[in-house]
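**Student:** coords please:
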Amino acid sequence: MSRFAEITGRPYRLFEYDGPADADRVIVLMGSAAETARDTAAVLNRAKGDQQKVGVLQVRLYRPFSTDHFLAALPTTARAIAVLERTKEPGSTGEPLYLDVVTTLAQAVASGRRKIMPRVIGGRYGLSSKDFTPAMTKAVFDELTKPEPLNSFTVGITDDVSFTSLAVDPSFMIEPDEVVRAVFYGLGSDGTVGANKSSVKILAEDADRYAQGYFVYDSHKSGAQTVSHLRFGPNPIHAPYQISSASFVACHQFGFLDRVDVLRLAAPGATFLLNCPHEPEKTWDHLPRSVQQEIIDKRLRLFVIDASRVARDTGLGSKINTVLQTCFFAISGVLPREEAVQRIKHMIEKTYGKKGDSAVVAPKTLPPSITHWRICARLRYRRLRPAISSDRRSYRRQLRNSCSGSPPQLWPDGATNCPSAQCRSMAHSR
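**Tutor:** Numbering: from 1, shown residues only. So this is what the prediction gives:
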């Protein structure tokens, strides 16, 4: 490993421990989840001081499993250990890493190398492609404080079959306030993903600014829904999970409002940018009642622009990405407005310049984009749309829309993956 570090400049050890040397609770895991666990443990240790001492032991080399290096890295003061794995082996007494850890500690106690056998529990995370978040890490550490913690638990999903899920507080966050968290809802082929990738490159060019982008879209690509998760900040970003509380939300397709809860991730007081075909003065009356209620409850700042019309008027056709990208920089303030315009122009010319001058038409749309967005006065639009009637047919339609518009991560583990089947079951129980 030392030779590898000399060649690459990246030092690695077989087992890497982060935390106080006298930690009493330790999480053992491998993979990218260790980054989330380390940052969460650091925040918890700073917040509680001497009252809480937690650590994270990351496994770098799993096979062959070196028992000597593992015991050397694990604090001797650890009294409770949670082994997390992203796998599930039905019929086994535990997952592979959990069995290795228990066997190693039992042999160390039997041979006298360790005085006390700590309590070891195993758990699963990331099932069904769920993210591993700081809130889940905290839930595992909290479980270790119990006199009889749950073994073979699951974190991150609602396990309504075997009831082994840990309670997670979704409001727990460790991201600092200076990090700009933005979520963009777009349609495949409308340029949303491409524009957001360009924004990440523009902001990451600065030596004192860091950027992160994660893009969610399925194999259909063109015509399917896309979700872009962007983070910007003055410090390195260690967040290998999707945004759960966004300070900026943009919906590039007005039709999404009836099918998707685009404001589910919006934080209180966040900014909401909407591509709307209606006049700003009439926008509020065209919003679904649920969207109106969420805007009022979360006290969101609502900005609207008819990006499709601006794109048509400037010769871009259906490509609304440049228009809305300019609005994002102008409203969010992550860059001074004039600097943002110049950087977007430079990125467009750099990306499309090889195709000739006729392809670089987008820079002409930047000034119009800035002048076309309008702010909707929230206090003026307190009147909500009439509530939908509660007859049986309307109820089923609302239920079906709500289930099909919610991400699979929120469905219970025992529910089928087909939203319509879930709706039929829930409607029948009503």
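
**Student:** I figured residue 198 was touching residue 346, is that so?
**Tutor:** No. Using Cβ atoms under 8 Å, residue 198 is not in contact with residue 346; the gap is 10.4 Å. To be clear about C-beta, it is placed using only N, CA and C from the backbone, and glycine gets the same treatment.

**Student:** would you agree residue 228 falls within a strand?
**Tutor:** Yes. Per DSSP: H, G, I helix; E, B strand; the rest coil, residue 228 lies within a strand segment.

**Student:** and it, what is it in contact with?
**Tutor:** Contact analysis of residue 228 by Cβ atoms under 8 Å, 6 or more residues apart in numbering lists 182, 183, 184, 186, 192, 193, 196, 213, 214, 215, 216.

**Student:** tally of neighbours for the last one?
**Tutor:** Which is residue 216. 14 (other Cβ atoms under 10 Å).

**Student:** one more: the fifth one?
**Tutor:** As a burial measure, residue 192 scores 28 neighbours (other Cβ under 10 Å).

**Student:** what does the fourth one give?
**Tutor:** Each residue near residue 186 was counted by other Cβ under 10 Å, and the total is 28.

**Student:** next one, pLDDT for the residue nearest the centre of the chain please.
**Tutor:** Geometric centre of the chain, nearest residue: residue 242, 1.1 Å, by Cα atoms, centre = their mean. Note for residue 242: predicted pLDDT of 94.

**Student:** quick one: it and residue 228, what's the gap?
**Tutor:** Computed as Cβ to Cβ, to the nearest Å, the residue 242 to residue 228 distance reads 10 Å.

**Student:** common neighbours of these two, please.
**Tutor:** 214, 216.

**Student:** that older thread, from the contacts of residue 228, which is closest to residue 277?
**Tutor:** Relative to residue 277, the closest of the contacts of residue 228 is residue 186; by Cβ to Cβ it sits at 15.7 Å.

**Student:** phi, psi of that closest one?
**Tutor:** Residue 186 adopts backbone torsions of phi -140, psi -180, taken as degrees, to the nearest 10.

**Student:** contacting residues around the nearest residue to it once chain neighbours are set aside?
**Tutor:** Counting by Cβ to Cβ, 6 or more residues apart in numbering, residue 192 is the residue found nearest to residue 186 once chain neighbours are left out, at 2.7 Å. Taking Cβ under 8 Å, 6+ apart, we find residue 192 in contact with 184, 185, 186, 226, 228, 252, 320, 321, 324.

**Student:** now distance to residue 69 and pLDDT too, for those residues, in a markdown table please.
**Tutor:** Below are the contacts of residue 192 laid out as a markdown table (distance: Cβ to Cβ, whole Å; pLDDT from 0 to 100):
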| residue | distance to residue 69 | pLDDT |
| --- | --- | --- |
| 184 | 44 | 96 |
| 185 | 46 | 95 |
| 186 | 47 | 92 |
| 226 | 44 | 93 |
| 228 | 41 | 96 |
| 252 | 50 | 93 |
| 320 | 54 | 82 |
| 321 | 50 | 83 |
| 324 | 51 | 88 |
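
**Student:** sorry, back to before: what about residue 198 and residue 346, which has more around it?
**Tutor:** Neighbour count, other Cβ under 10 Å: between residue 198 and residue 346, residue 198 has more, with 21 against 14.

**Student:** the more buried one: what's it in contact with?
**Tutor:** Residue 198 neighbours (Cβ under 8 Å, 6+ apart): 325, 344, 347, 348, 351.

**Student:** those in helices, which ones?
**Tutor:** Among the contacts of residue 198, the members falling in helices (DSSP state H) are 325, 344, 347, 348, 351.

**Student:** strands of this structure, residue ranges please.
**Tutor:** Assignment of strands within the chain using DSSP state E yields the ranges 15-18, 25-29, 54-59, 80-85, 119-124, 153-154, 180-187, 210-216, 225-233, 246-251, 266-275, 301-305, 374-376.

**Student:** and of the ones you listed, who's closest to residue 332?
**Tutor:** Judged by Cβ to Cβ, the one of those that comes nearest to residue 332 is strand 246-251, at 5.4 Å.

**Student:** quick one: average pLDDT of that closest one?
**Tutor:** 96.

**Student:** ok, stretch 60-67 next?
**Tutor:** On average, the pLDDT along stretch 60-67 is 95.

**Student:** swap in stretch 282-290?
**Tutor:** Per-region confidence: stretch 282-290 scores 89 on mean pLDDT.

**Student:** can you get me the start-to-end distance on that stretch?
**Tutor:** One end of stretch 282-290 sits 17 Å from the other (Cα to Cα, to the nearest Å).

**Student:** kindly report the same for stretch 108-118.
**Tutor:** Start to finish, the residues bounding stretch 108-118 are 11 Å apart (Cα to Cα).

**Student:** which residues are in contact with it?
**Tutor:** 67, 71, 76, 78, 79, 80, 81, 105, 106.

**Student:** reformat those as JSON lines; add neighbour count and distance to residue 275.
**Tutor:** Shown next, in JSON lines, are the contacts of stretch 108-118 (neighbours: other Cβ atoms under 10 Å; distance: Cβ to Cβ, whole Å):
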{"residue": "67", "neighbour count": "16", "distance to residue 275": "58"}
{"residue": "71", "neighbour count": "16", "distance to residue 275": "58"}
{"residue": "76", "neighbour count": "12", "distance to residue 275": "59"}
{"residue": "78", "neighbour count": "25", "distance to residue 275": "53"}
{"residue": "79", "neighbour count": "14", "distance to residue 275": "55"}
{"residue": "80", "neighbour count": "20", "distance to residue 275": "51"}
{"residue": "81", "neighbour count": "22", "distance to residue 275": "50"}
{"residue": "105", "neighbour count": "22", "distance to residue 275": "57"}
{"residue": "106", "neighbour count": "13", "distance to residue 275": "60"}
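
**Student:** save these as JSON lines, and put in distance to residue 292 too.
**Tutor:** Listed next are those as JSON lines, based on distance: Cβ to Cβ, whole Å:
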{"residue": "67", "distance to residue 292": "61"}
{"residue": "71", "distance to residue 292": "59"}
{"residue": "76", "distance to residue 292": "58"}
{"residue": "78", "distance to residue 292": "52"}
{"residue": "79", "distance to residue 292": "52"}
{"residue": "80", "distance to residue 292": "48"}
{"residue": "81", "distance to residue 292": "49"}
{"residue": "105", "distance to residue 292": "57"}
{"residue": "106", "distance to residue 292": "60"}
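
**Student:** of those residues, which is the nearest to residue 23?
**Tutor:** Closest to residue 23, out of all of the contacts of stretch 108-118 and judged by Cβ to Cβ, is residue 78, at 6.2 Å.
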